[in-house]
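1. Model the structure of this input:
(chains A and B)
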Amino acid sequence: MTNIKTDREPLFRIVKRDNIARGKAWGIRIGAVVIAILIGAVVSAILGGGSAFGTFFSGLFEGVFGTPRRILNLFQNTAILLCIALAVAPAFKMRFWNIGAEGQVLMGCLGSVVVIQYLGGQIDNFWLIIVMFLASVAFSVVWAVIPAIFKAKWRTNETLFTLMMNYVAMQLVAICIFAWVPSGSGVLGTLADGRFPLIGGQRYILNIILVAVAAVALFLYFRFSKHGYEISVVGESENTAKYVGINVKKVIIRTMVLSGVLCGLAGLLLVGGTNYSVAVDSVDNRGFTAILVAWLGKFSPPAMAFTSWLYVFIDQGAKNVATLMGMGEAFPDIITGIFFFFVIGCEFFINYKVKFRPRKKKAENPVEEVAS
Amino acid sequence: MFLTFLQSAIRFSAVFLFGSVGETLTEKSGNLNLGIPGIMCMGASGAIVGASTYVAAVGGVGGITAWGATLVTIIFALLFSLLGGLIYCVLTATLRCNQNVSGLALTTFGVGVLSFFGGSADTTGFTVISGFFRQSFPIGDNPNWFETLFLSYGCLVYIAIIIAVIAAIVLKKTRVGLNLRAVGENPATADAAGISVTNYKYGATLIGSMIAGLGGLFYIMDQTGGVVEYTIDTYGWMAVALVIFTVWRPNWAILGSILFSILYLLPNYVSVSFAEREVIKMIPYLVTIVVLVITSIVSRRESQPPAALGLSYFREER
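-> Residues are numbered from 1 along each chain as shown, chains lettered A, B, ... in the order given. Model prediction:
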């Protein structure tokens, strides 16, 4: 960069795109996903000690669609991930970098379990689940709104604040578990009360339905409500929002309350519909994964449904590949990491255009001096 | 008893110190690298790969020499963490992608890399190599308190402190440090003043990543004595917390990291119930939140995060 000569243009320059056709943008994204999967296959072939290239693909699909159970798991995991992604989307849309979904969902789980611990068996299961929902939402909202208030009032860095809140939440859960389990094993067994009813004899169906409803609701909220519009304006430019008379502080706090409500729902689904218990790692990093997924889906609920599905597909498939090739549990993290790098990186080509130096000039200067 | 506690706390603090000094340098360039836990994991995987490759190359435990083993291990750890930093830089500085998202993806990746290599590597000879890293100054069998507290550590602990001091001096006293801070505070102004924003971002982030990677190396080769453990990402997040706690000052991080490691190790040395143990573990995070809130309320200029932290810089954008 330092030795750019004044009499010549650099080899290429970067120009911001004003607008890109929707189809082209998705074309770039899909291209990135395809490249990521291909690279994943190459990496697995190398790390797996030269096993067949095709094994990766067959293993991927078999792991996801191999049995009805796996297909149900695919949709269950997609639903939970999507629910958390829906929770982080509103805040990210207004550029409030809430990376505390992990802790907020965990607090939601804790809320549900507290209710089961103290009310379980005393009231009807239906009402118990209702109270669980309220408690989960209350816990999550508190966890989400504390950083929001500080951000709104004193501009406290929300990224770092919410990050720390995650670990406080984890420790809080650990403390509660030790308080409830006198043996000191640190593991809370599955609880009999507060379980979601089976639908059609299957677990998880209610989770999937609830998340679908939440996704549609959030879509309508973004698209048709005044609140949704305000979120977009604050995200685009805080100054514009102030200029047109939007109370930015109010929008920040209100949106984080909404985030908290959705995190609470996710917590309820994890306790009532999935684990019937809580542990420090109940959320299992999905609070962070959801951010990536929401980012990929450009915070639009239908697109996020697709990206969550895609992530779970790759993760679950890669797990099966790892088992087939005997590569241990860590392998899916590597594959999903590569997947993320590519889909994050491809945004560049959507937002910017690379323009090369026009060819007409004579090459009077040697090419080596080209600054990159 | 108290002496051994303090000694182990000082030793363990190197993990946090490496991580937080690396992250401070990175953040000073305006890059909020949330991939630091992942990079520390990659540093540790580098150490594992390096050590096992070295042992295989010299033909078993018999052929290991002190200099060879330590150098190869350190070089591999640096290369791996450099790779992690490079991925982050390409995504954020060149491709101008969102820093939070890139960092989180890098952490996922790094944790995966560590458990992959940690699970599959041949760990023969690791205890021997770890012995070289833990080699302290020659202090007899009955060291007095001074020797225990100051001379009883392996080389990496001293390296961590030296790096922290150098980083503090560079940031505060040199032109390079001034330029770096300018890039982190206001890249557009720095750019107008003729400072190459991209070069500084790359430089600070890559050097920071390599420093953080040494933290992973230290944990595997010194702290655990050559046993592969997978808890490094937790320490990485604590290192990120430490950066805030020390308000972006590497020299304060020396004491801050000792404080964090005292709090982390305290439950092992006092008799407390399991629940109380978790309460103590919560303290570092709570203290960090308090520091974060107070600095933002007081809003003294010296203790603020770099103003452009977390934002990508594109020259043609206003």
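2. Identify all contacting residues around stretch A:135-147.
-> Here stretch A:135-147 makes contact (Cβ atoms under 8 Å, 6 or more residues apart in numbering or on different chains) with A:98, A:100, A:103-105, A:107-112, A:114-115, A:156, A:158, A:161-162, A:165, A:169, A:253, A:256-257, A:259-261, A:263-265, A:267-268, A:271. (C-beta placed from N, C-alpha, C; glycine too.)
3. Actually, stretch A:211-225.
-> Applying Cβ under 8 Å, 6+ apart, the set of residues contacting stretch A:211-225 is A:79-80, A:82-83, A:86, A:89-90, A:93, A:227-228, A:231-232, A:258, A:262, A:265, A:269, A:299-302, A:304-305.
4. Pull out the buried residues from those residues.
-> Among the contacts of stretch A:211-225, the ones that count as buried by 16 or more other Cβ atoms under 10 Å in any protein chain shown are A:79-80, A:82-83, A:86, A:89-90, A:93, A:228, A:231, A:258, A:262, A:265, A:269, A:299-301, A:304-305.
5. Sitting in helices, which of those residues do you find?
-> Among the buried ones among the contacts of stretch A:211-225, the ones falling in helices (DSSP state H) are A:79-80, A:82-83, A:86, A:89-90, A:93, A:228, A:231, A:258, A:262, A:265, A:269, A:301, A:304-305.
6. near chain B too, which of these?
-> With Cβ under 8 Å from any Cβ of the partner chain as the criterion, those include none near chain B.
7. Can you tell me the number of residues neighbouring B:N179?
-> Using other Cβ atoms under 10 Å in any protein chain shown, B:N179 has 19 other residues around it.
8. hmm, stretch A:332-348 in reach of chain B?
-> Yes - applying Cβ under 8 Å from any Cβ, one finds stretch A:332-348 touching chain B at A:332-338, A:340-341, A:344-345, A:347-348.
9. Relative to B:V272, which of those residues is nearest.
-> The closest of the residues of stretch A:332-348 next to chain B to B:V272 turns out to be A:D333 (Cβ to Cβ; 34.1 Å).
10. so where do the helices sit in chain A?
-> So, for chain A - with DSSP H - the helices run A:22-47, A:53-65, A:68-93, A:101-119, A:125-154, A:158-180, A:205-224, A:226-236, A:238-243, A:248-270, A:286-296, A:301-325, A:331-345, A:347-351.
11. count of neighbours near A:G260?
-> So A:G260, with other Cβ under 10 Å, has 30 neighbours.
12. any idea how far A:L172 is from it?
-> 16 Å (Cβ to Cβ, to the nearest Å).
13. A:G287 too?
-> Remark: distance between A:G287 and A:L172 (Cβ to Cβ) = 15 Å.
14. Same drill for the two, tell me which one is more crowded.
-> Between A:G287 and A:L172, A:G287 has the larger neighbour count (other Cβ under 10 Å), namely 28 against 20.
15. wait, isn't that one in contact with A:E102?
-> Yes - contact criterion Cβ atoms under 8 Å: A:G287 and A:E102 qualify, at 2.8 Å.
16. Overlap in contacts, the two.
-> Taking Cβ under 8 Å, 6+ apart as the criterion, A:G287 and A:E102 both touch A:N166.
17. My read is that B:R181 contacts B:L25, right?
-> No - counting by Cβ under 8 Å, B:R181 does not reach B:L25; the two are 10.7 Å apart.
18. So for these two, which residue has more residues nearby?
-> Neighbour count, other Cβ under 10 Å: between B:R181 and B:L25, B:L25 has more, with 31 against 19.
19. Spatially nearest residue to that one, not counting backbone neighbours?
-> B:G208 (3.8 Å; Cβ to Cβ, 6 or more residues apart in numbering or on different chains).
20. so where does the one you found fall, helix or strand?
-> helix B:197-218 (DSSP states H and E).
21. mind listing what's buried in that helix?
-> By neighbour count with 16+ other Cβ under 10 Å, helix B:197-218 contains the buried residues B:197-198, B:200-218.
22. what does stretch A:286-301 give?
-> Counting neighbours by 16+ other Cβ under 10 Å, one finds that the buried residues in stretch A:286-301 are A:286-301.
23. name the helices or strands packed onto the lowest-mean-pLDDT helix or strand in chain B?
-> Of all helical and strand segments in chain B, the minimum by mean pLDDT, DSSP states H and E falls on helix B:145-150, at a mean of 81. In terms of contacts (3 or more Cβ pairs under 8 Å, 6 or more residues apart in numbering or on different chains; DSSP states H and E), helix B:145-150 is packed against helix B:2-28.
24. what mean pLDDT does stretch A:19-36 have?
-> Mean pLDDT, stretch A:19-36: 85.
25. got it, and stretch A:88-97?
-> Stretch A:88-97 carries an average pLDDT of 90.
26. what's the answer for stretch B:84-103, then?
-> 91.
27. May I have it exported as PDB, CA atoms only?
-> Extracted in PDB, the C-alpha atoms of stretch B:84-103 (Å, rounded to 0.1, in the frame of the first residue of the first chain):
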ATOM      1  CA  GLY B  84      -6.000 -18.400  13.100                       C
ATOM      2  CA  GLY B  85      -5.200 -14.700  13.100                       C
ATOM      3  CA  LEU B  86      -4.800 -14.700   9.300                       C
ATOM      4  CA  ILE B  87      -8.200 -16.200   8.800                       C
ATOM      5  CA  TYR B  88      -9.700 -13.500  11.000                       C
ATOM      6  CA  CYS B  89      -7.800 -10.700   9.300                       C
ATOM      7  CA  VAL B  90      -8.600 -11.800   5.800                       C
ATOM      8  CA  LEU B  91     -12.300 -11.900   6.800                       C
ATOM      9  CA  THR B  92     -12.400  -8.600   8.700                       C
ATOM     10  CA  ALA B  93      -9.700  -6.400   7.400                       C
ATOM     11  CA  THR B  94      -9.600  -7.400   3.700                       C
ATOM     12  CA  LEU B  95     -13.100  -8.600   3.100                       C
ATOM     13  CA  ARG B  96     -14.600  -6.300   5.700                       C
ATOM     14  CA  CYS B  97     -17.000  -8.800   7.200                       C
ATOM     15  CA  ASN B  98     -18.600  -8.400  10.600                       C
ATOM     16  CA  GLN B  99     -16.000  -8.900  13.300                       C
ATOM     17  CA  ASN B 100     -18.300 -10.400  15.900                       C
ATOM     18  CA  VAL B 101     -19.500 -13.100  13.500                       C
ATOM     19  CA  SER B 102     -16.000 -13.800  12.200                       C
ATOM     20  CA  GLY B 103     -14.600 -14.100  15.600                       C
END
